[in-house]
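K.L.:
Next come a sequence and a model predicted from it.
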Amino acid sequence: MKQDIKTYNVIAKEGLEIFPPEKYTINQSERPAALLIRSQDMHKTYFGPNVLAIARAGAGVNNIPLVQASANGTVVFNTPGSNANAVKELIVAMLILANRPVVSSIAWAKKVVGADVSLQTEKGKNHFAGTELAGKTLGVIGLGSVGSKVAQAAVGLGMRVVGYDPYISVEHAWQLSNEIPRADGLSDLLPQCDYLTIHIPYTEKNKNLITTQQLDLMKPNAVLLNYSRWGIVNEKAVVAALDNGKLQKYMTDFSSNTIIGHPKIVITPHIGGTTVEAEVNGAKMAAQTLRKYLETGNIVNSVNFPTIEMPFEAPTRLTLIHQNVPNMVGRITTILADEQINIDNMINRSREKIAYTVIDTGTIAEPLLKKMKDRLLQIPEVIRVRVLKK
Ligand SMILES: NC(=O)c1ccc[n+]([C@@H]2O[C@H](COP(=O)([O-])OP(=O)(O)OC[C@H]3O[C@@H](n4cnc5c(N)ncnc54)[C@H](O)[C@@H]3O)[C@@H](O)[C@H]2O)c1
Ligand SMILES: O=C(O)CC[C@@H](O)C(=O)O
């Protein structure tokens, strides 16, 4: 039977083409096997327990209720790094726009007409003097896929860059040149910055990371950029800091009624990852990850499940999602032994409260397969059992 993939938001066709029509339908069923989404707010969008997986084409997963998904046995994936270059390039543009009046000078130049146009524009250009980035200090909070690229690009622009990421991965640490010193904490980083850019996920811990106390530590003329998420920066504190001259400018990808119309705030409509390339990258990566999970049970790039990759070589594969409690493997294998089923290969991994077991076996007759699945589902801690055939 074909499996249906339900999409939300605009998903690049290059991603959807990864699902062959002989195996999959797209947006054809009320009971989809999996969802492929971007920024859709899944806290407000019902998805039933039949949904095996949700793939988010993009980095941030704060739009997905992860605790509920894990409890349902729904694996959530994202596409790390797929849009990092797009965000980096936008940040470079916004850093330049912060102190070069490019937009206002273009608007002015459009209005200058007449026979002496070149004379007038040459005369008027003095009103559009800016300042340069070279030699200024950029603070980067979060040195993951986006932050590490932004930091490197800023070094290329001649800026002095200071990074802060107490949880940096080994992979991203390797990508950073040794010209980029790391701050010990925000109180060390903030007083140094002419520009501060934030590239971290929105989590309970990161909510209001930048508020009055942090803004007070910044240089009076600093520019703050937030292309991470609404809520990481406290907008009321930012407006107050702009109004009393503590901050020069706030540039953000997240609009809200608190900041719209403020003369010192520049808002873009969440376009950090909106490039043709990033949309194709994200859609393809999300579709490949989903297809791998649906067809083999293997899990990569999940944000709520452990990574498991076991070559699918045997005729039958059982995948079990269960609570991470003692003796689950023992109880599962006892049922298989009772039914005289030999295990060819097995793997078990856990992540926080969730565990995942994959068991490969020979060919099993349908009635026995059904009986075994029913018995496995009777273990109270088992959340989901799937049977995959090669
Ligand atoms: N505007 C956009 O369109 C757009 C596009 C891509 C990503 N984003 C946002 O940017 C975030 C980062 O994206 P990414 O791809 O770099 O993710 P990532 O997971 O590769 O990197 C995030 C980094 O932040 C670090 N971090 C977490 N909390 C921190 C804290 N309190 N202080 C310092 N460092 C901290 C982590 O250790 C990690 O290295 C995403 O979660 C998303 O919300 C926005
Ligand atoms: O889907 C988008 O365009 C936004 C993506 C971005 O916010 C992300 O977290 O990757």
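P.N.:
Alright, I've got the coordinates. Ligands and ions are numbered 1, 2, ... in the order given.
K.L.:
Could you report the pLDDT at the closest residue to ligand 1 within the stretch 1-150 of the chain?
P.N.:
Closest to ligand 1 within the stretch 1-150 of the chain is Gly144: 1.7 Å, counting by C-beta to the nearest ligand atom. Backbone N, C-alpha and C define where each C-beta goes, glycine included. Per-residue pLDDT puts Gly144 at 98.
K.L.:
got it, and Ala115?
P.N.:
In this model, Ala115 is scored at 87, pLDDT.
K.L.:
Distance of it relative to ligand 2?
P.N.:
Distance of Ala115 to ligand 2, computed by C-beta to the nearest ligand atom, to the nearest Å: 47 Å.
K.L.:
Helix or strand: which one has that residue?
P.N.:
For Ala115, there is no host helix or strand (DSSP states H and E).
K.L.:
How about the residues of the stretch 251-390 of the chain by ligand 1?
P.N.:
Asp253, His270, Gly272, Gly273 (C-beta under 6 Å from any ligand atom).
K.L.:
Pull out the buried members of those.
P.N.:
Listed as buried from those are Asp253, His270, Gly272, Gly273; burial here means 16 or more other C-beta atoms under 10 Å.
K.L.:
Let me know the secondary structure of the residue in the stretch 251-390 of the chain positioned nearest to ligand 1.
P.N.:
Ligand 1 sits closest to Gly272 of the stretch 251-390 of the chain, with a gap of 2.5 Å, by C-beta to the nearest ligand atom. Look at Gly272: counting by DSSP: H, G, I helix; E, B strand; the rest coil, its state is coil.
K.L.:
before we move on, the earlier item: pretty sure the residue of the stretch 1-150 of the chain closest to ligand 1 contacts His199?
P.N.:
Yes. When contacts are counted by C-beta atoms under 8 Å, Gly144 is listed as touching His199 (6.5 Å).
K.L.:
and the two? which has more neighbours close in?
P.N.:
Counted by other C-beta atoms under 10 Å, Gly144 and His199 do not tie: His199 has more neighbours, with 28 against 21.
K.L.:
Helix or strand: which one has the most centrally placed residue in the chain?
P.N.:
For the chain, the residue sitting closest to the mean C-alpha position, by C-alpha atoms, centre = their mean, is Ala59 at 1.1 Å. Assigned by DSSP H and E, Ala59 belongs to no helix or strand.
K.L.:
and this protein, which residues reach ligand 2?
P.N.:
Applying C-beta under 6 Å from any ligand atom, we find that the chain lies next to ligand 2 at Arg38, Ser39, Gly58, Ala59, Gly60, Asn83, His270, Gly272, Gly273, Thr274.
K.L.:
re the thing from before, out of the residues of the stretch 251-390 of the chain next to ligand 1, what pair is the most spread apart?
P.N.:
Asp253 and Gly273 (9.3 Å; C-beta to C-beta).
K.L.:
before we move on, the earlier item: per-residue pLDDT of the closest residue to the residue nearest to the centre of the chain other than its chain neighbours, please?
P.N.:
Nearest residue to Ala59 in three dimensions, chain neighbours excluded: Asn78, at 5.9 Å (C-beta to C-beta, 6 or more residues apart in numbering). Model confidence at Asn78, expressed as pLDDT, equals 98.
K.L.:
Next: the one 3 residues further on.
P.N.:
For Gly81, the pLDDT comes out at 98.
K.L.:
Then Pro49?
P.N.:
So Pro49 comes in at 89 (pLDDT).
K.L.:
Can you get me a residue count around it?
P.N.:
Neighbours of Pro49 (other C-beta under 10 Å): 11.
K.L.:
dump the residue contacts of Gln82.
P.N.:
Small correction: residue 82 is Ser, not Gln. Ser82 makes contact with Ala57, Gly58, Ala59, Gly273, Ala278, Asn281, Gly282, Met285, according to C-beta atoms under 8 Å, 6 or more residues apart in numbering.
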